[in-house]
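Colleague: Pasting the sequence and the predicted coordinates here, then a few questions.
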Amino acid sequence: MKSIISVCLVVLLIGCTTIKGTQQQINSGDYSSAIHNSINKIAKDKYSKKAKAYSDLLYEAYHKHQNQLLDRVSFLKQDNAFNNAEKIFSAYKTLRANQQKIKPLLPLEGTKGNLTFDFVEVNSKLIKAKSTYADALFNSAINLLETQQILDSRTAYNQLQKVKNLEPDYPNLDETIDIAYNNGLSFVYMNLKNSTQMVLPKAFQESLLSLNTYNLNDFWTVYHNSKLPNVTYDREVIVDFQQFNYSPERLLEREINLEREVVDGWEYRIDRKGDYVLDEDDNRIKEDRLVLVQAILLETIQSKEVEVLANVRFIDALNQQQVLSKPMRSVFVFENRFASYQGDIRALTKAERQLLQGQFVDYPSNELMLIDAANDIKLKLKSILKNNM
């Protein structure tokens, strides 16, 4: 009995705390949370005793919020500032949303009888506010485009996209969006420079200038590897190669002694007394017979590497001034491993046996090494460009 009473008291306290918490939200001016909480509680069972208390709270929170929003709109209308149009539109949207949430619950009964919600006519006001906000955005975008600045054009583009969401058929909208986008584009010309005394292989240059493999283009930035006559470039990226360092052709030979236990058939398990070990059905238990095998792996490693040192220079194309320089280092290693063996092949692992399939190959030329290094250079270059553009 005491347990039942205790549970009832806990439930009652939680209920009171929730109602009290909603009242505290109203008292602190957090009308949106109070409206949300009250509607959720009422929607579960609008005819419960607790629903009447929540209906009173909803009535109080809604009207205080409505008055707050209308006072805010009245104040904002005294000033035609650009930001005010959005705030007025937002206020009417909130007011309409509150009404739309409450209407399905009507009629509502409070602790003192039926509650009459004084809804204001908001639809026509919302439509007008949306139109005013769209006009404000469009006019602001036009003013930004007149500056002929890239960042302003991008801001204008974003504002025009908001207009499109508000009023898709706004006059001259699509044409103005195209203008804003084109004016906001940044064109980058990428070029190679060879400050070494070595000739760059043609395939190497073509690989590095194959921009489609970099995936560099983003919404606002377009990269070119050759200058187009009708394009004004904002930035030039010069990959200036400073040094190519090639190692000698290296040959390493080594002997590796191998010793491993391997399975060599099976035998019956025997205990310490020399008797056969039996399973639960009195059958002799079999186990793997392990033997120690040995071999010598004669491994040969061919290797050669190239180190590429370069500077990635960023040039302001309008005044031809360098704005940034980043060092770049790339190393490409050629390696060929193969082997032979002496002894028992069972001592070799699967990977070691694979080496037996290899053989000596010709070392790549310096030119071929450089071409093979292009992929790593492109990865390094892409990282530099992504982090500094």
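Modeller: Structure received.
Colleague: where along the stretch 1-150 of the chain do the helices fall?
Modeller: Assigned helices in the stretch 1-150 of the chain, in chain order: 2-27, 31-44, 49-76, 82-102, 123-145, 150-166 (criterion: DSSP state H, counting those that start in this stretch).
Colleague: Can you point out the buried residues in the last one?
Modeller: Residues of helix 150-166 classed as buried: D152, S153, R154, T155, A156, Y157, Q159, L160, Q161, V163, K164, L166 (neighbour count, 16 or more other C-beta atoms under 10 Å). The way it works is simple: take the backbone N, C-alpha and C, and place the C-beta from them, glycine included.
Colleague: hmm, back to that, kindly present the helices of the stretch 1-150 of the chain as JSON lines, with separate columns for mean pLDDT and distance to N387.
Modeller: Shown next, in JSON lines, are the helices of the stretch 1-150 of the chain (pLDDT from 0 to 100; distance: least, C-beta to C-beta, whole Å):
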{"stretch": "helix 2-27", "mean pLDDT": "62", "distance to N387": "46"}
{"stretch": "helix 31-44", "mean pLDDT": "93", "distance to N387": "41"}
{"stretch": "helix 49-76", "mean pLDDT": "93", "distance to N387": "42"}
{"stretch": "helix 82-102", "mean pLDDT": "94", "distance to N387": "34"}
{"stretch": "helix 123-145", "mean pLDDT": "96", "distance to N387": "28"}
{"stretch": "helix 150-166", "mean pLDDT": "96", "distance to N387": "20"}
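Colleague: any chance of those in TSV, with distance to I315 too?
Modeller: Shown next, in TSV, are the helices of the stretch 1-150 of the chain (distance: least, C-beta to C-beta, whole Å):
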stretch	distance to I315
helix 2-27	58
helix 31-44	52
helix 49-76	47
helix 82-102	37
helix 123-145	27
helix 150-166	17
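Colleague: among these, which is nearest N283?
Modeller: helix 2-27 (60.7 Å; C-beta to C-beta).
Colleague: Pick the one among the buried residues of helix 150-166 closest to N311.
Modeller: Nearest member of the buried residues of helix 150-166 to N311, counting by C-beta to C-beta, is R154, at 29.9 Å.
Colleague: How much space separates that closest one from E86?
Modeller: If you measure R154 against E86 using C-beta to C-beta, to the nearest Å, the figure is 19 Å.
Colleague: Please identify which of the helices of the stretch 1-150 of the chain is closest to S210.
Modeller: Of all the helices of the stretch 1-150 of the chain, it is helix 150-166 that lies closest to S210, at 26.8 Å by C-beta to C-beta.
Colleague: returning to that earlier point: closest to E267 out of the helices of the stretch 1-150 of the chain?
Modeller: helix 2-27 (68.1 Å).
Colleague: Select the longest strand from this structure.
Modeller: Longest strand of the chain, by residue count under DSSP state E: strand 286-316.
Colleague: ok, back up a step: list just the nearest of the buried residues of helix 150-166 to V291.
Modeller: Closest to V291, out of all of the buried residues of helix 150-166 and judged by C-beta to C-beta, is R154, at 74.6 Å.
Colleague: got a list of what the nearest residue to that closest one once chain neighbours are set aside touches?
Modeller: Closest residue to R154 apart from its sequence neighbours, by C-beta to C-beta, 6 or more residues apart in numbering: G184 at 4.0 Å. Residues near G184 by C-beta atoms under 8 Å, 6 or more residues apart in numbering: I150, L151, S153, R154, A156, Y157, W220.
Colleague: D372 now?
Modeller: F332, F334, P364 are the contacts of D372 under C-beta under 8 Å, 6+ apart.
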